[in-house]
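> fold the following and give me the result.
(one chain, ligands or ions: 1)
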Amino acid sequence: MCHYFIQAKYPMTDNPLLPLRDKITALDKHLLELLAQRRALSTDVVNTKIEANIPVRDIERERILVKTLIEQGKKYHLDEMFIQRLYQIIIEDSVLLQQRILQEKHNQHTIKTAKIAFLGPKGSYSHSAMRRYAGRHFDHVEESGCSSFKDIFEHVEKGLVDYGILPIENTSSGSINEVYDLLQKTDLHIIGELSLPIDHCILANKHTTLDQIDTVYSHPQPFQQCTNFLENYPHWKIVYCDSTSSAMEMVSKLDKPNVAAIGNKDGGELYGLQVLEHNFANQKENITRFIILARKAIDVSDQVAAKTTILMKTGQQAGALVDALLVLRNHNIVMTKLESRPIHGNPWEEMFYIDLQGNLATLKMQQALKELSSITLFVKVLGCYPSDSIF
Ligand SMILES: C=C(O[C@@H]1C=C(C(=O)O)C=C[C@H]1O)C(=O)O
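Below is the predicted model:
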(Lines give C-alpha, C1' and ligand atoms only; values in the text may rest on other atoms or scores of the structure.)
Protein backbone atom coordinates (compact mmCIF):
# COMPACT_ATOMS: atom_id res chain seq x y z
CA MET A 1 0.00 0.00 0.00
CA CYS A 2 2.70 2.41 1.10
CA HIS A 3 4.60 1.70 -2.10
CA TYR A 4 1.69 2.90 -4.28
CA PHE A 5 1.18 5.97 -2.14
CA ILE A 6 4.78 7.11 -2.55
CA GLN A 7 4.71 6.47 -6.28
CA ALA A 8 1.50 8.38 -6.71
CA LYS A 9 2.67 11.34 -4.67
CA TYR A 10 6.19 11.75 -6.02
CA PRO A 11 7.61 11.42 -9.51
CA MET A 12 10.20 8.62 -9.55
CA THR A 13 13.24 10.92 -9.20
CA ASP A 14 11.78 12.89 -6.25
CA ASN A 15 11.00 9.80 -4.19
CA PRO A 16 12.54 10.66 -0.75
CA LEU A 17 13.35 6.98 -0.14
CA LEU A 18 15.64 6.72 -3.15
CA PRO A 19 18.94 7.88 -1.57
CA LEU A 20 18.41 5.62 1.44
CA ARG A 21 17.46 2.68 -0.74
CA ASP A 22 20.58 3.26 -2.86
CA LYS A 23 22.66 2.99 0.30
CA ILE A 24 20.89 -0.23 1.33
CA THR A 25 21.37 -1.69 -2.15
CA ALA A 26 25.11 -0.89 -2.00
CA LEU A 27 25.39 -2.44 1.49
CA ASP A 28 23.54 -5.58 0.37
CA LYS A 29 25.94 -5.95 -2.56
CA HIS A 30 28.81 -5.71 -0.09
CA LEU A 31 27.13 -8.30 2.18
CA LEU A 32 26.87 -10.66 -0.80
CA GLU A 33 30.56 -10.20 -1.57
CA LEU A 34 31.41 -10.97 2.06
CA LEU A 35 29.20 -14.08 2.04
CA ALA A 36 30.93 -15.27 -1.14
CA GLN A 37 34.32 -14.69 0.54
CA ARG A 38 33.15 -16.69 3.58
CA ARG A 39 32.07 -19.52 1.27
CA ALA A 40 35.45 -19.51 -0.48
CA LEU A 41 37.11 -19.82 2.95
CA SER A 42 34.84 -22.81 3.74
CA THR A 43 36.21 -24.46 0.59
CA ASP A 44 39.79 -23.85 1.82
CA VAL A 45 38.79 -25.19 5.23
CA VAL A 46 37.40 -28.45 3.81
CA ASN A 47 40.46 -28.99 1.62
CA THR A 48 42.63 -28.65 4.74
CA LYS A 49 40.26 -31.02 6.60
CA ILE A 50 40.58 -33.59 3.82
CA GLU A 51 44.39 -33.48 4.06
CA ALA A 52 44.42 -33.60 7.86
CA ASN A 53 41.47 -36.06 8.16
CA ILE A 54 39.41 -33.73 10.39
CA PRO A 55 35.59 -34.07 10.59
CA VAL A 56 33.58 -31.45 8.68
CA ARG A 57 31.47 -30.55 11.70
CA ASP A 58 32.91 -28.83 14.76
CA ILE A 59 29.97 -28.08 17.05
CA GLU A 60 32.14 -26.45 19.72
CA ARG A 61 33.69 -24.01 17.21
CA GLU A 62 30.18 -23.14 15.95
CA ARG A 63 28.92 -22.60 19.51
CA ILE A 64 31.77 -20.23 20.43
CA LEU A 65 31.51 -18.40 17.10
CA VAL A 66 27.78 -17.70 17.46
CA LYS A 67 28.12 -16.82 21.17
CA THR A 68 30.87 -14.29 20.35
CA LEU A 69 28.83 -12.82 17.49
CA ILE A 70 25.79 -12.42 19.77
CA GLU A 71 27.99 -10.57 22.31
CA GLN A 72 29.51 -8.36 19.60
CA GLY A 73 26.06 -7.77 18.10
CA LYS A 74 24.83 -6.24 21.36
CA LYS A 75 27.12 -3.25 20.75
CA TYR A 76 25.16 -2.57 17.55
CA HIS A 77 21.76 -3.36 19.16
CA LEU A 78 21.36 -6.46 17.02
CA ASP A 79 18.83 -8.92 18.38
CA GLU A 80 20.19 -12.21 19.72
CA MET A 81 17.57 -14.33 17.93
CA PHE A 82 18.27 -12.52 14.68
CA ILE A 83 21.99 -13.37 14.86
CA GLN A 84 21.23 -16.94 15.91
CA ARG A 85 18.87 -17.51 12.96
CA LEU A 86 21.12 -15.77 10.48
CA TYR A 87 24.19 -17.79 11.46
CA GLN A 88 22.23 -21.02 11.49
CA ILE A 89 21.60 -20.48 7.78
CA ILE A 90 25.17 -19.34 7.07
CA ILE A 91 26.77 -22.26 8.94
CA GLU A 92 24.35 -24.75 7.38
CA ASP A 93 25.37 -23.54 3.94
CA SER A 94 29.05 -23.83 4.88
CA VAL A 95 28.65 -27.38 6.26
CA LEU A 96 26.61 -28.60 3.28
CA LEU A 97 29.10 -27.09 0.84
CA GLN A 98 31.96 -28.83 2.65
CA GLN A 99 30.03 -32.13 2.67
CA ARG A 100 29.45 -31.87 -1.08
CA ILE A 101 33.15 -31.22 -1.81
CA LEU A 102 34.23 -34.00 0.51
CA GLN A 103 31.74 -36.51 -0.88
CA GLU A 104 32.72 -35.73 -4.47
CA LYS A 105 36.40 -36.34 -3.63
CA HIS A 106 35.52 -39.46 -1.64
CA ASN A 107 33.45 -40.99 -4.44
CA GLN A 108 35.89 -39.65 -7.07
CA HIS A 109 33.30 -38.03 -9.26
CA THR A 110 31.88 -34.60 -9.90
CA ILE A 111 28.38 -34.62 -11.34
CA LYS A 112 27.79 -31.46 -13.32
CA THR A 113 24.37 -32.24 -14.81
CA ALA A 114 21.92 -34.59 -13.14
CA LYS A 115 18.58 -35.85 -14.45
CA ILE A 116 16.14 -36.05 -11.54
CA ALA A 117 12.61 -37.48 -11.44
CA PHE A 118 10.06 -35.97 -9.05
CA LEU A 119 6.30 -36.03 -8.50
CA GLY A 120 5.22 -33.35 -10.91
CA PRO A 121 4.35 -31.28 -12.89
CA LYS A 122 6.39 -28.24 -11.83
CA GLY A 123 5.21 -26.43 -8.73
CA SER A 124 4.77 -29.47 -6.43
CA TYR A 125 6.54 -29.79 -3.06
CA SER A 126 8.65 -32.55 -4.60
CA HIS A 127 9.67 -30.07 -7.30
CA SER A 128 10.80 -27.55 -4.64
CA ALA A 129 12.67 -30.30 -2.77
CA MET A 130 14.30 -31.49 -6.01
CA ARG A 131 15.47 -27.95 -6.84
CA ARG A 132 16.86 -27.43 -3.36
CA TYR A 133 18.74 -30.75 -3.43
CA ALA A 134 20.04 -30.12 -6.97
CA GLY A 135 21.18 -26.60 -6.01
CA ARG A 136 23.28 -28.08 -3.21
CA HIS A 137 24.79 -30.93 -5.23
CA PHE A 138 24.90 -30.26 -8.98
CA ASP A 139 25.72 -27.41 -11.35
CA HIS A 140 22.79 -28.15 -13.68
CA VAL A 141 19.65 -30.25 -13.44
CA GLU A 142 17.35 -31.80 -16.03
CA GLU A 143 13.91 -32.01 -14.43
CA SER A 144 11.65 -34.97 -15.12
CA GLY A 145 8.11 -34.71 -13.71
CA CYS A 146 6.38 -38.06 -13.06
CA SER A 147 2.71 -38.76 -12.34
CA SER A 148 3.15 -41.28 -9.50
CA PHE A 149 5.70 -42.47 -6.92
CA LYS A 150 5.88 -45.81 -8.78
CA ASP A 151 6.67 -43.97 -12.01
CA ILE A 152 9.61 -42.23 -10.26
CA PHE A 153 11.05 -45.59 -9.13
CA GLU A 154 10.69 -46.94 -12.68
CA HIS A 155 12.34 -43.91 -14.25
CA VAL A 156 15.45 -44.45 -12.10
CA GLU A 157 15.40 -48.26 -12.46
CA LYS A 158 15.22 -48.06 -16.26
CA GLY A 159 18.03 -45.48 -16.42
CA LEU A 160 15.77 -42.76 -17.87
CA VAL A 161 17.05 -40.45 -15.09
CA ASP A 162 20.00 -40.49 -12.68
CA TYR A 163 18.05 -39.86 -9.48
CA GLY A 164 14.54 -39.88 -8.06
CA ILE A 165 13.35 -37.79 -5.13
CA LEU A 166 10.46 -39.03 -2.96
CA PRO A 167 8.74 -37.90 0.25
CA ILE A 168 9.12 -40.50 2.99
CA GLU A 169 7.67 -38.90 6.14
CA ASN A 170 5.91 -35.78 7.34
CA THR A 171 5.67 -34.28 10.82
CA SER A 172 1.84 -33.96 10.53
CA SER A 173 0.80 -37.12 8.68
CA GLY A 174 3.63 -39.52 9.55
CA SER A 175 5.08 -42.07 7.15
CA ILE A 176 4.25 -42.08 3.46
CA ASN A 177 3.34 -45.75 3.24
CA GLU A 178 3.26 -46.03 -0.54
CA VAL A 179 6.94 -45.07 -0.72
CA TYR A 180 7.88 -47.55 2.04
CA ASP A 181 6.04 -50.27 0.14
CA LEU A 182 7.85 -49.45 -3.11
CA LEU A 183 11.20 -49.58 -1.27
CA GLN A 184 10.45 -53.23 -0.39
CA LYS A 185 10.57 -54.23 -4.03
CA THR A 186 13.37 -52.12 -5.47
CA ASP A 187 17.11 -52.58 -6.00
CA LEU A 188 17.68 -48.83 -5.88
CA HIS A 189 19.76 -47.25 -3.10
CA ILE A 190 19.11 -44.26 -0.88
CA ILE A 191 21.98 -41.82 -1.48
CA GLY A 192 20.68 -38.69 0.26
CA GLU A 193 17.95 -37.04 2.26
CA LEU A 194 16.46 -33.57 2.49
CA SER A 195 14.01 -31.99 4.93
CA LEU A 196 11.71 -29.31 3.55
CA PRO A 197 9.41 -27.04 5.60
CA ILE A 198 5.92 -27.25 4.06
CA ASP A 199 3.54 -24.29 4.22
CA HIS A 200 0.22 -25.41 2.74
CA CYS A 201 -1.88 -22.70 1.06
CA ILE A 202 -5.46 -22.54 -0.18
CA LEU A 203 -4.91 -21.39 -3.78
CA ALA A 204 -7.74 -20.06 -5.90
CA ASN A 205 -8.35 -18.07 -9.05
CA LYS A 206 -8.25 -14.27 -8.88
CA HIS A 207 -11.33 -12.69 -7.22
CA THR A 208 -12.36 -15.94 -5.48
CA THR A 209 -13.17 -15.56 -1.76
CA LEU A 210 -13.01 -18.34 0.83
CA ASP A 211 -16.81 -18.50 1.25
CA GLN A 212 -17.34 -19.21 -2.48
CA ILE A 213 -15.31 -22.42 -2.41
CA ASP A 214 -17.12 -25.77 -2.51
CA THR A 215 -14.49 -28.06 -4.11
CA VAL A 216 -10.84 -28.49 -3.17
CA TYR A 217 -8.24 -30.38 -5.22
CA SER A 218 -4.92 -31.78 -3.94
CA HIS A 219 -2.74 -34.84 -3.45
CA PRO A 220 -4.03 -37.11 -0.61
CA GLN A 221 -1.02 -36.16 1.59
CA PRO A 222 -1.92 -32.46 2.20
CA PHE A 223 -5.50 -33.48 3.04
CA GLN A 224 -4.10 -35.87 5.69
CA GLN A 225 -1.81 -33.17 7.07
CA CYS A 226 -4.57 -30.54 7.40
CA THR A 227 -7.50 -32.50 8.88
CA ASN A 228 -8.00 -30.00 11.76
CA PHE A 229 -8.30 -27.06 9.38
CA LEU A 230 -10.57 -28.96 6.99
CA GLU A 231 -13.02 -29.71 9.82
CA ASN A 232 -13.96 -26.01 9.65
CA TYR A 233 -15.23 -26.55 6.09
CA PRO A 234 -17.31 -29.76 6.19
CA HIS A 235 -19.18 -28.73 3.03
CA TRP A 236 -16.02 -28.78 0.89
CA LYS A 237 -15.93 -31.62 -1.63
CA ILE A 238 -12.44 -33.14 -1.63
CA VAL A 239 -10.94 -34.32 -4.92
CA TYR A 240 -7.68 -36.32 -4.99
CA CYS A 241 -5.10 -35.54 -7.69
CA ASP A 242 -1.75 -37.10 -8.67
CA SER A 243 0.18 -34.17 -7.19
CA THR A 244 -0.40 -30.73 -5.65
CA SER A 245 0.81 -29.17 -8.90
CA SER A 246 -1.65 -31.13 -11.07
CA ALA A 247 -4.33 -29.88 -8.63
CA MET A 248 -3.22 -26.27 -9.18
CA GLU A 249 -3.13 -26.83 -12.92
CA MET A 250 -6.70 -28.13 -12.76
CA VAL A 251 -7.99 -25.17 -10.71
CA SER A 252 -6.27 -22.73 -13.03
CA LYS A 253 -7.74 -24.42 -16.15
CA LEU A 254 -11.26 -24.60 -14.65
CA ASP A 255 -11.05 -20.85 -13.95
CA LYS A 256 -14.15 -20.98 -11.72
CA PRO A 257 -14.76 -19.15 -8.40
CA ASN A 258 -15.93 -22.24 -6.47
CA VAL A 259 -12.72 -24.31 -6.79
CA ALA A 260 -9.39 -24.22 -4.95
CA ALA A 261 -6.21 -26.29 -4.59
CA ILE A 262 -3.98 -27.02 -1.60
CA GLY A 263 -0.34 -26.51 -2.53
CA ASN A 264 2.60 -24.19 -2.07
CA LYS A 265 2.78 -20.45 -2.75
CA ASP A 266 5.47 -20.62 -5.46
CA GLY A 267 3.53 -23.29 -7.33
CA GLY A 268 0.40 -21.15 -7.04
CA GLU A 269 2.22 -18.23 -8.67
CA LEU A 270 3.28 -20.51 -11.51
CA TYR A 271 -0.40 -21.29 -12.22
CA GLY A 272 -1.65 -17.72 -11.65
CA LEU A 273 -3.46 -18.55 -8.38
CA GLN A 274 -3.79 -16.37 -5.28
CA VAL A 275 -3.26 -17.44 -1.66
CA LEU A 276 -6.46 -17.27 0.47
CA GLU A 277 -5.15 -19.04 3.60
CA HIS A 278 -1.84 -20.56 4.64
CA ASN A 279 0.06 -22.27 7.46
CA PHE A 280 -2.82 -24.50 8.59
CA ALA A 281 -1.26 -27.98 8.84
CA ASN A 282 -2.03 -29.98 12.00
CA GLN A 283 1.56 -29.48 13.21
CA LYS A 284 2.86 -25.90 13.34
CA GLU A 285 6.26 -27.16 12.21
CA ASN A 286 5.11 -29.05 9.13
CA ILE A 287 8.22 -30.63 7.62
CA THR A 288 8.53 -33.34 4.98
CA ARG A 289 11.63 -35.51 4.73
CA PHE A 290 12.53 -36.61 1.21
CA ILE A 291 14.93 -39.39 0.15
CA ILE A 292 17.04 -39.44 -3.00
CA LEU A 293 17.35 -42.74 -4.87
CA ALA A 294 19.98 -43.90 -7.35
CA ARG A 295 20.95 -47.14 -9.07
CA LYS A 296 24.41 -47.15 -7.45
CA ALA A 297 25.08 -46.85 -3.72
CA ILE A 298 27.52 -44.20 -2.52
CA ASP A 299 30.35 -44.30 0.01
CA VAL A 300 30.05 -41.75 2.79
CA SER A 301 33.27 -40.24 4.10
CA ASP A 302 33.94 -40.84 7.79
CA GLN A 303 34.44 -37.06 8.09
CA VAL A 304 30.71 -36.53 7.51
CA ALA A 305 27.75 -37.40 9.77
CA ALA A 306 26.05 -40.41 8.13
CA LYS A 307 22.77 -42.27 8.34
CA THR A 308 22.15 -45.90 7.36
CA THR A 309 18.69 -47.21 6.48
CA ILE A 310 17.96 -50.93 6.69
CA LEU A 311 15.03 -53.18 5.90
CA MET A 312 14.53 -56.13 8.23
CA LYS A 313 12.10 -59.04 8.57
CA THR A 314 11.92 -60.83 11.91
CA GLY A 315 10.33 -64.16 12.70
CA GLN A 316 6.99 -64.22 14.51
CA GLN A 317 8.38 -65.62 17.78
CA ALA A 318 7.86 -63.61 20.97
CA GLY A 319 10.46 -60.86 21.49
CA ALA A 320 11.92 -61.11 17.97
CA LEU A 321 11.95 -57.34 17.48
CA VAL A 322 13.28 -56.70 20.99
CA ASP A 323 16.19 -59.08 20.31
CA ALA A 324 17.01 -57.21 17.12
CA LEU A 325 16.89 -53.83 18.86
CA LEU A 326 19.14 -55.14 21.64
CA VAL A 327 21.82 -55.81 19.02
CA LEU A 328 21.73 -52.11 18.13
CA ARG A 329 21.88 -51.09 21.77
CA ASN A 330 24.79 -53.41 22.46
CA HIS A 331 26.75 -51.77 19.66
CA ASN A 332 25.75 -48.30 20.85
CA ILE A 333 23.99 -47.51 17.57
CA VAL A 334 21.28 -44.84 17.77
CA MET A 335 18.02 -45.62 15.98
CA THR A 336 16.30 -42.47 14.67
CA LYS A 337 13.26 -44.14 13.13
CA LEU A 338 11.47 -47.48 13.23
CA GLU A 339 8.59 -48.10 10.87
CA SER A 340 6.71 -51.33 10.29
CA ARG A 341 4.82 -52.26 7.12
CA PRO A 342 2.90 -55.41 6.19
CA ILE A 343 4.51 -57.79 3.71
CA HIS A 344 2.51 -58.21 0.51
CA GLY A 345 1.13 -61.68 0.10
CA ASN A 346 2.09 -62.69 3.68
CA PRO A 347 -0.77 -61.55 5.91
CA TRP A 348 0.23 -60.65 9.50
CA GLU A 349 3.96 -60.61 8.71
CA GLU A 350 5.76 -57.31 9.10
CA MET A 351 8.81 -55.68 7.52
CA PHE A 352 10.72 -53.10 9.58
CA TYR A 353 12.41 -50.01 8.18
CA ILE A 354 15.07 -48.68 10.51
CA ASP A 355 17.08 -45.45 10.26
CA LEU A 356 20.38 -45.65 12.12
CA GLN A 357 22.87 -42.95 13.00
CA GLY A 358 26.27 -43.94 11.67
CA ASN A 359 28.30 -45.01 8.69
CA LEU A 360 27.81 -48.41 7.07
CA ALA A 361 31.58 -48.75 6.67
CA THR A 362 32.30 -48.67 10.42
CA LEU A 363 33.24 -51.85 12.18
CA LYS A 364 30.45 -51.54 14.75
CA MET A 365 27.79 -51.14 12.03
CA GLN A 366 29.18 -54.12 10.09
CA GLN A 367 29.22 -56.26 13.22
CA ALA A 368 25.71 -55.20 14.21
CA LEU A 369 24.39 -56.03 10.72
CA LYS A 370 26.10 -59.43 10.82
CA GLU A 371 24.48 -60.22 14.17
CA LEU A 372 21.10 -58.97 12.92
CA SER A 373 21.37 -61.25 9.87
CA SER A 374 21.92 -64.24 12.12
CA ILE A 375 18.87 -63.64 14.33
CA THR A 376 16.35 -62.33 11.76
CA LEU A 377 14.87 -63.77 8.57
CA PHE A 378 16.20 -61.05 6.33
CA VAL A 379 18.24 -57.81 6.48
CA LYS A 380 18.90 -55.50 3.55
CA VAL A 381 20.76 -52.18 3.55
CA LEU A 382 18.72 -49.62 1.63
CA GLY A 383 21.48 -47.04 1.75
CA CYS A 384 24.09 -45.07 3.66
CA TYR A 385 24.04 -41.33 3.04
CA PRO A 386 25.12 -37.99 4.55
CA SER A 387 22.70 -36.83 7.24
CA ASP A 388 20.75 -33.72 6.25
CA SER A 389 19.82 -32.72 9.78
CA ILE A 390 22.44 -30.07 10.43
CA PHE A 391 20.54 -28.43 13.31
C1 LIG B 1 34.19 -23.62 8.60
C2 LIG B 1 34.29 -24.70 9.39
O3 LIG B 1 33.47 -25.85 9.23
C4 LIG B 1 32.19 -25.96 9.86
C5 LIG B 1 31.46 -24.71 9.61
C6 LIG B 1 31.62 -23.64 10.44
C7 LIG B 1 31.28 -22.25 10.00
O8 LIG B 1 30.71 -22.11 8.92
O9 LIG B 1 31.61 -21.29 10.70
C10 LIG B 1 32.16 -23.87 11.73
C11 LIG B 1 32.53 -25.10 12.16
C12 LIG B 1 32.36 -26.30 11.34
O13 LIG B 1 31.24 -27.01 11.80
C14 LIG B 1 35.33 -24.82 10.43
O15 LIG B 1 35.60 -25.95 10.88
O16 LIG B 1 35.91 -23.79 10.79
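> which strand runs longest in this structure?
Of all the segments of type strand in the chain, defined by DSSP state E, the longest one is strand 346-357.
> for that one, which outside residues touch it?
180, 183-184, 305-314, 316, 321, 324, 328, 333-343, 365, 382, 387 (C-beta atoms under 8 Å, 6 or more residues apart in numbering). C-beta: built from backbone N, CA, C; applies to glycine.
> relative to strand 346-357, how tilted is the helix or strand just after it?
Downstream of strand 346-357, the first helix or strand assigned by DSSP states H and E is helix 363-375. Per axes from the mean of the first three to the mean of the last three C-alpha atoms, to 10 degrees, the angle that helix 363-375 makes with strand 346-357 is 170 degrees.
> buried residues, helix 363-375. List them.
When burial is assessed from 16 or more other C-beta atoms under 10 Å, helix 363-375 yields the following buried residues: 365, 368-369, 371-372.
> which helices and strands does that helix pack with?
Helix 363-375 sits against strand 306-313, helix 320-330, strand 378-386, with contacts defined as 3 or more C-beta pairs under 8 Å, 6 or more residues apart in numbering; DSSP states H and E.
> ok, now with 10 Å
Applying 3 or more C-beta pairs under 10 Å, 6 or more residues apart in numbering; DSSP states H and E, we find helix 363-375 packed against strand 306-313, helix 320-330, strand 346-357, strand 378-386.
> not counting its neighbours along the chain, what's nearest the closest residue to the ligand within the chain?
Ranked by C-beta to the nearest ligand atom, the top residue of the chain for proximity to the ligand is residue 94, at 3.2 Å. Counting by C-beta to C-beta, 6 or more residues apart in numbering, residue 42 is the residue found nearest to residue 94 once chain neighbours are left out, at 4.2 Å.
> check the secondary structure at the one you found for me.
At residue 42, secondary structure determined by DSSP: H, G, I helix; E, B strand; the rest coil is helix.
> was I right about it contacting residue 102?
No - with contacts defined as C-beta atoms under 10 Å, residue 42 does not count as touching residue 102, sitting 11.3 Å away.
> so for these two, which residues contact both of them?
Common contacts of residue 42 and residue 102 (C-beta atoms under 10 Å, 6 or more residues apart in numbering): residue 56.
> ok, and the closest non-adjacent residue to residue 213?
Residue 213 sits nearest to residue 260 (C-beta to C-beta, 6+ apart), 4.8 Å away.
> state the distance from the one you found to residue 236.
Using C-beta to C-beta, to the nearest Å, residue 260 is found at 8 Å from residue 236.
> who's more crowded, these two?
residue 260 (29 against 14; other C-beta atoms under 10 Å).
> still on that earlier bit, which residues does the residue nearest to residue 94 contact?
Counting by C-beta under 10 Å, 6+ apart, residue 42 touches 56, 90-91, 93-98, 101.
> okay, now the unreliable bits of this structure?
Where the chain drops to pLDDT under 70, the residues are 1-12.
> residue 308 against residue 380, yeah?
No - using C-beta under 10 Å, residue 308 makes no contact with residue 380, being 11.5 Å away.
> more neighbours: the two, which one.
residue 308 (24 against 15).
> show me what the one helix or strand residue 143 maps to is packed against.
Here residue 143 sits within strand 140-146, counting by DSSP H and E. Secondary-structure packing of strand 140-146 (3+ C-beta pairs under 10 Å, 6+ apart): strand 113-119, helix 125-137, helix 149-157, strand 163-170.
> got the contact list for the closest residue to residue 278 other than its chain neighbours?
What sits nearest to residue 278 in space, not counting adjacent residues and going by C-beta to C-beta, 6+ apart, is residue 201, at 4.3 Å. Contact analysis of residue 201 by C-beta under 10 Å, 6+ apart lists 222, 244, 248, 260-268, 273-280.
> tell me the bridge partners for residue 201.
residue 263, residue 278 (DSSP bridges).
> what kind of secondary structure is residue 238 in?
Residue 238 ends up strand, using three-state DSSP.
> residue 326 touches residue 319, doesn't it?
Yes - if you go by C-beta under 10 Å, residue 326 and residue 319 touch, sitting 9.3 Å apart.
> and these two? which has more neighbours close in?
More neighbours surround residue 326 than the other of residue 326 and residue 319, with 13 against 9 (other C-beta under 10 Å).
> for the more buried one, give its distance to residue 375.
Distance of residue 326 to residue 375, computed by C-beta to C-beta: 9 Å.
> likewise for residue 63?
Computed as C-beta to C-beta, the residue 63 to residue 375 distance reads 41 Å.
> what about residue 299, neighbour count?
14.
> how about it, secondary structure?
Assignment for residue 299 (three-state DSSP): coil.
> now residue 73
Applying three-state DSSP: residue 73 is helix.
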